[in-house]
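Colleague: generate a structure from the sequence data that follows.
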Amino acid sequence: MRLIAGLGNPGKKYEKTRHNAGFLTINYLQLTINNFSDWKFNKKFNAEIAEGTINDEKIILAKPQTFMNDSGQAVKKIIGNRKLEIGNLIVIHDDIDLPLGKIRIKKDGSSGGHQGVQSIITALGTQNFVRLKIGVGPKTRPPHFDAAKYVLQKFTKSEEKILAETIKKATDAVAVILEESVEKAMNQFNR
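Modeller: Now for the predicted structure:
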């Protein structure tokens, strides 16, 4: 059994913001794989959950509703309740250091300054899980760039088109991770 957690902030206000690239990606994943249930809010986990199978393996999709910086609370509750191995966790999140249109797969390592990922590392007491990073960064950063403000802005229309292609690529990467291996996905998609 595996857990795939998409990170973001709950509520209409944040729905199409750069920081919600994880939510947007996991929504697409849930919609495009026919055998996933609809999203249901699970009060015990404080997360929206959809369940299904990929290649006969049970998969839990989760969108923590704790707000980004407390994502670890929900992820830890799901892992504990379902008795999952932490190595079977995939976290999908935005990355401001990657340009829009790029994805990067990483196993282990620090949070890279991402507060949602840091919350998960702190809650689980380990960095031993897979991250699928969705690039949301600008082509160039102006002087006095405010990263916190930038990630809470909505995507422009032209950015939405690039993001849609990026989400499809990220979904393909998840399929390679699940069907083959993290290493193969890294070789194929980390370019």
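Colleague: check contacts around the residue lying farthest from the centre of the chain.
Modeller: Using Cα atoms, centre = their mean, the residue of the chain lying farthest from its centre is residue 143. It sits 28.8 Å away. Contact criterion Cβ atoms under 8 Å, 6 or more residues apart in numbering gives no residues in contact with residue 143. Just so you know, the C-beta spots here come from the backbone N, C-alpha and C atoms, and that holds for glycine as well.
Colleague: report pLDDT for it.
Modeller: Note on residue 143: pLDDT of 81.
Colleague: what is the least confident helix or strand in this structure?
Modeller: helix 147-151 (a mean of 90; mean pLDDT, DSSP states H and E).
Colleague: who's in contact with the residue positioned nearest the centre of the chain?
Modeller: In the chain, the residue lying closest to the centroid (Cα atoms, centre = their mean) is residue 92, at 1.6 Å. Residue 92 makes contact with 4-7, 21-22, 25-26, 131-132, 134, 170, 174, according to Cβ under 8 Å, 6+ apart.
Colleague: check which element follows the lengthiest helix in the chain along the chain.
Modeller: Ranked by residue count, the top helix of the chain under DSSP state H comes out as helix 157-179. Counting by DSSP states H and E, the element after helix 157-179 in chain order, helix or strand, is helix 182-189.
Colleague: circling back to that earlier point, chain center to the longest helix of the chain, what's the gap?
Modeller: For helix 157-179, the distance from its own C-alpha centre to the chain's C-alpha centre is 11 Å (Cα atoms, centre = their mean, to the nearest Å).
Colleague: stretch 38-55 too?
Modeller: The mean C-alpha position of stretch 38-55 is separated from the chain mean by 14 Å, Cα atoms, centre = their mean.
Colleague: now stretch 74-87
Modeller: 16 Å.
Colleague: my read: residue 163 touches residue 103, true?
Modeller: No. Residue 163 lies out of contact with residue 103 (Cβ atoms under 8 Å); the separation is 11.0 Å.
Colleague: name the residues contacting each of those two.
Modeller: Common neighbours of residue 163 and residue 103 (Cβ under 8 Å, 6+ apart) are residue 134.
Colleague: and the longest strand for the chain?
Modeller: For the chain, the strand reaching the highest residue count under DSSP state E is reported as strand 89-99.
Colleague: just checking: what are the partner strands of it?
Modeller: Partners of strand 89-99 in the sheet, by DSSP bridges, are strand 2-6 (parallel), strand 130-137 (parallel).
Colleague: relative to helix 157-179, how tilted is the longest one?
Modeller: Think strand 130-137. 170 degrees (axes from the mean of the first three to the mean of the last three Cα atoms, to 10 degrees).
Colleague: for strand 130-137, output the C-alpha coordinates as CSV.
Modeller: Output of strand 130-137 as CSV, limited to C-alpha atoms (Å, rounded to 0.1, in the frame of the first residue of the first chain):
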residue,chain,number,x,y,z
VAL,A,130,10.0,10.4,-2.3
ARG,A,131,9.2,14.0,-3.4
LEU,A,132,7.8,15.0,-6.8
LYS,A,133,8.5,18.7,-7.2
ILE,A,134,6.4,20.8,-9.6
GLY,A,135,8.3,23.8,-10.8
VAL,A,136,6.5,27.1,-10.2
GLY,A,137,9.5,29.5,-10.3
